[in-house]
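S.K.: The following block contains a protein sequence and its predicted model.
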Amino acid sequence: MVCHLQTDSLSKTSSQWYQHFANSCQKRRASGTKNLAKMASLNLADISDIEITEAHHNMKRDVPSGTALTLADSILEGSKTLRKLNYRKKAANSVRSKNEIGFTSIRGGDIVGEHTVFFFMDGERIELTHRATDRKIFSLGALRAAEWIAKKKPGFYSILDMIGC
């Protein structure tokens, strides 16, 4: 999932633009981890068990988070094998399937956001983690996105265009 920024829609209110850019910024922060997850899955997905954990403040409603689902999409793009998404719940007799991506969500306190992709193999594991510790990173990124797009010709732009991916 890539967020598109359109420069010729001047009818949006300031708050709508701010929210749009704030959401774009959050995706920008996640895109580095997302690209790493895709690259890692190219070589590791078929030989590992994959889990995604995410943690957010106690007022966040969606489970799993949109970023966690985006990370799963990236892994699916890099994987050669079709995988099932498994959202963890209480189970008395549940064994992990071979081709699945498991999700675990944590809600508590004032956690801004944390996402980890695990690739578990025999005798080792690789973890890719992104932690946001201050919400101001989202507003700073939104301002950078606004400055960047103000210099562009009208059209559709991906946040990946902005960060040069």
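M.R.: Sure thing, it's come through. Residues are numbered from 1 along each chain as shown.
S.K.: Tell me where this structure is predicted with low confidence.
M.R.: 1-33, 165 (pLDDT under 70).
S.K.: tell me the helices in it, going along the chain?
M.R.: Using DSSP state H, the helices of the chain run over 14-44, 66-78, 136-150, 159-163.
S.K.: Quick check, A37 in contact with F119.
M.R.: No - here A37 lies out of contact with F119, judged by Cβ atoms under 8 Å, at a distance of 9.1 Å. C-betas here are computed from N, CA, C, even on glycine.
S.K.: most centrally placed residue in this protein?
M.R.: T67 (2.8 Å; Cα atoms, centre = their mean).
S.K.: Please report how far that residue lies from K152.
M.R.: 25 Å (Cβ to Cβ, to the nearest Å).
S.K.: again with I163
M.R.: 14 Å.
S.K.: So if I had to pick from the two, which one is more boxed in?
M.R.: Legend: neighbour count by other Cβ atoms under 10 Å for I163 and K152, higher for I163 (16 against 12).
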